[in-house]
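Trainee: the sequence and its predicted three-dimensional model are supplied below.
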Amino acid sequence: MPTTVEPVTVPKPEITPSARPKETRDPGYLVICWNDPVNLMHYVTHVFQTVFGWNLRRAEKHMLEVHEQGKSVLVRETFEKAEYYIHQLQSYGLTATLEKDAD
């Protein structure tokens, strides 16, 4: 006697979206470049263009902040990406640090 097989329905897993947006979960990290007596202004501008892909105007703006104010917050990123940028800037001889964003 042949038996019929009834199809089995697999329940879908319940996926609940997070109540908080990603920006709230990951506060972000700031990449800060500090002034130093070694690197020339046009070199710092060149490094910013190379590392971040910025145009000349934006790179010069941040270079002047570093020169005149002693530091500039360059970007706010996830930890991994900010750490990558820090290593890139340091490989060019710039003084750069990583700070957790307070916001």
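Mentor: Nice, thanks for sending it over.
Trainee: count the residues that sit near residue 6.
Mentor: For residue 6, the number of neighbouring residues by other Cβ atoms under 10 Å comes to 6. Where C-beta positions appear, they are placed from N, C-alpha and C, glycine not excepted.
Trainee: tell me the contacts of it?
Mentor: If you count contacts by Cβ atoms under 8 Å, 6 or more residues apart in numbering, residue 6 has none.
Trainee: what's the helix or strand where residue 33 lies packed up against?
Mentor: Take DSSP states H and E as the rule and residue 33 turns out to sit in strand 29-34. In terms of contacts (3 or more Cβ pairs under 8 Å, 6 or more residues apart in numbering; DSSP states H and E), strand 29-34 is packed against helix 56-69, strand 71-77, helix 79-91, strand 95-100.
Trainee: would you mark the buried spots in that strand?
Mentor: 29, 30, 31, 32, 33 (16 or more other Cβ atoms under 10 Å).
Trainee: with adjacent residues omitted, what lies nearest to the residue nearest in space to the middle of the chain?
Mentor: Centroid-nearest residue in the chain: residue 77, 2.3 Å away (criterion: Cα atoms, centre = their mean). Spatially, and ignoring its direct neighbours in sequence, residue 77 is nearest to residue 29 (6.1 Å; Cβ to Cβ, 6 or more residues apart in numbering).
Trainee: quick one, what contacts the closest residue to residue 75 other than its chain neighbours?
Mentor: Distances taken as Cβ to Cβ, 6+ apart put residue 31 closest to residue 75, at 5.0 Å, once the chain neighbours are dropped. Going by Cβ under 8 Å, 6+ apart, residue 31 touches 73, 74, 75, 76, 77, 82, 85, 86, 89, 96, 97, 98.
Trainee: please redo it, this time with the cut-off set to 7 Å
Mentor: For residue 31, the contact set (Cβ atoms under 7 Å, 6 or more residues apart in numbering) comprises 74, 75, 77, 82, 85, 86, 96, 98.
Trainee: just the buried ones from those residues?
Mentor: 74, 75, 77, 82, 85, 86, 96.
Trainee: tell me the one among these nearest to residue 7.
Mentor: Nearest to residue 7, judged by Cβ to Cβ, of those is residue 77 at 48.4 Å.
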